[in-house]
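[1] here are the coordinates; sequence isn't available:
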């Protein structure tokens, strides 16, 4: 035992130590069993949709070399939100704030082995040091869905279609709106049309990305500080006011055509009502190169961003000489749960347990053990008490867990070979041979 640990134990023994706080670290959550059941349910619904599109689940390490994020992740995350540490070998490591760089690294390591396109998804635990608020914590779980390879328009369309289907699975697609833009188009407008330098164009894109979080006067003032004025400012205002119908005639080019074709494809897929063109959507990550999108809850009760994503055609090339186009999106558990709560889409779970065995004494307890093994093997969830209190107390415990059936076993039941099976909802009770109880429980 180290000196510090032994000192701690001595203090604890003599009562000098004050009690530790029961609160979790700020911006994190404790998942009690009911919370974890809801959490699992949400991602089980999501998995059923994503796997239905043919995506395979993967995972990666919580820690990555710092440079993996410094290379292409946005400055705000790297400089302000990244949790990092030095290990005992003086290596600088980052606690993953997002999953896409890990995905790119993993794909690059097997880029010549995996069949294309690569359709992968994950549900990683992510960390960012930011101010906790509604829909945003320091620790969260996030669905990441990515497709690498394939024709870009079809891959982008499939991702957006898949995202809509996830919300349809929860019954909330009518509240969903996905706003689509193109970083290629933005780059064309900022550099070729407005004549901005690379540095100013980059800063303007970051400013536009934060536009909804600041007053209009503050946004205008910061645009002016960047030197965007005159004809450039008129072009910016014209760009922000664009409708998809006027895109090609106003800003003709490959990027505009790409967006128009994508919107038509989405319409053909039956998700056109949930999608619209929005030239102010930028996405904060530096690795986005093409179509980007962000989803919003359009309800006034929860009017906020839900998730986002886009195309990152150059990310895999950081780790491999083989180039491979990619696109993906991330959906966090906190914003999803807020969405479900707002629109009253939360499930009402039945009891987790199928049956409770009330035992009068240890002899009854042992007899129950011999039977419930087969019940559990059949997939039933069975509660057996761990102390032989009064049957009344055991029934109280069964009620506390809302268990639908209670099997009562005592001396009389053991002698007769007929155990008492009580339906808690109906209040009925019958004597049943132990071997037949399984049939009744499975058919209920």
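    Cool, got the structure. Predicted model only: the values in this text are computed from it and were never measured. Residues are numbered from 1 along each chain as shown.
[2] Could you tell me the phi and psi values at the residue most central in space within the chain?
    In the chain, the centroid-proximal residue (Cα atoms, centre = their mean) is residue 142; its distance is 2.6 Å. Per-residue torsions, residue 142: phi -140, psi 130 (degrees, to the nearest 10).
[3] Would you check how far apart it and residue 282 are?
    Relative to residue 282, residue 142 is positioned 20 Å away (Cβ to Cβ, to the nearest Å). All C-beta spots, glycine's among them, are computed from the backbone N, C-alpha and C.
[4] mind giving me the domain split of the protein?
    33-342, 355-443 (automatic domain parsing).
[5] In a markdown table: these, plus distance to residue 19 and mean pLDDT.
    Converted to a markdown table, the domains of the chain look like this (distance: least, Cβ to Cβ, whole Å; pLDDT from 0 to 100):
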| stretch | distance to residue 19 | mean pLDDT |
| --- | --- | --- |
| domain 33-342 | 24 | 91 |
| domain 355-443 | 27 | 94 |
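[6] which of those is buried the deepest?
    Stretch with highest mean neighbour count among the domains of the chain: domain 33-342 (a mean of 17; mean count of other Cβ atoms under 10 Å).
[7] That domain: how far from the chain's middle?
    Here the centre of domain 33-342 is set off from its chain's centre by 13 Å, with Cα atoms, centre = their mean, to the nearest Å.
[8] Pull up the distance across that domain, start to finish.
    22 Å (Cα to Cα, to the nearest Å).
[9] residue boundaries of the helices in the stretch 201-350 of the chain?
    For the stretch 201-350 of the chain, the helices defined by DSSP state H, counting those that start in this stretch cover 216-225, 230-240, 247-250, 254-268, 333-342.
[10] Out of those, flag the one nearest residue 171.
    helix 333-342 (9.1 Å; Cβ to Cβ).
[11] Please name every helix or strand in contact with the helix or strand that that closest one is followed by.
    Later in the chain than helix 333-342, the nearest helix or strand by DSSP states H and E is strand 355-359. Judged by 3 or more Cβ pairs under 8 Å, 6 or more residues apart in numbering; DSSP states H and E, the packing partners of strand 355-359 are helix 362-377, strand 382-383, helix 391-400, strand 405-409.
[12] can you tell me which residues contact the nearest residue to residue 189 once chain neighbours are set aside?
    With Cβ to Cβ, 6 or more residues apart in numbering as the criterion, residue 189 has its nearest non-adjacent residue at 5.2 Å, and that residue is residue 239. Contact partners of residue 239, counting by Cβ atoms under 8 Å, 6 or more residues apart in numbering, are 189, 193, 251, 279.
[13] and the residues you listed, which two are the farthest apart?
    Checking those with Cβ to Cβ, the most distant pair is 193 and 279, at 12.2 Å.
[14] In the stretch 51-200 of the chain, what residue spans correspond to helices?
    Under DSSP H, counting those that start in this stretch, the stretch 51-200 of the chain gives helices at 66-70, 75-76, 100-109, 152-169, 183-187, 198-209.
[15] Out of these, which gets nearest to residue 44?
    Taking the helices of the stretch 51-200 of the chain one by one with Cβ to Cβ, helix 152-169 is closest: 10.4 Å.
[16] Quick one: list the elements packing against the closest one.
    By 3+ Cβ pairs under 8 Å, 6+ apart, helix 152-169 packs against helix 33-52, strand 139-148, strand 176-182, helix 254-268, strand 291-297, strand 305-311, strand 326-332.
[17] Compute the inter-axis angle for the second one and helix 100-109.
    Here strand 139-148 runs at an angle of 40 degrees relative to helix 100-109 (axes from the mean of the first three to the mean of the last three Cα atoms, to 10 degrees).
[18] could you check the angle strand 326-332 makes with strand 139-148?
    160 degrees.
[19] residues making contact with stretch 35-54?
    With Cβ under 8 Å, 6+ apart as the criterion, stretch 35-54 contacts 29, 31, 57, 119, 121, 123, 141, 143, 145, 158, 162, 165-166, 169-170, 331, 333, 336-337, 340, 346-347, 349, 352.
[20] now the helices and strands packed on helix 152-169 as CSV including distance to residue 92?
    Below are the helices and strands packed on helix 152-169 laid out as CSV (distance: least, Cβ to Cβ, whole Å):
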stretch, distance to residue 92
helix 33-52, 32
strand 139-148, 21
strand 176-182, 34
helix 254-268, 37
strand 291-297, 30
strand 305-311, 28
strand 326-332, 25
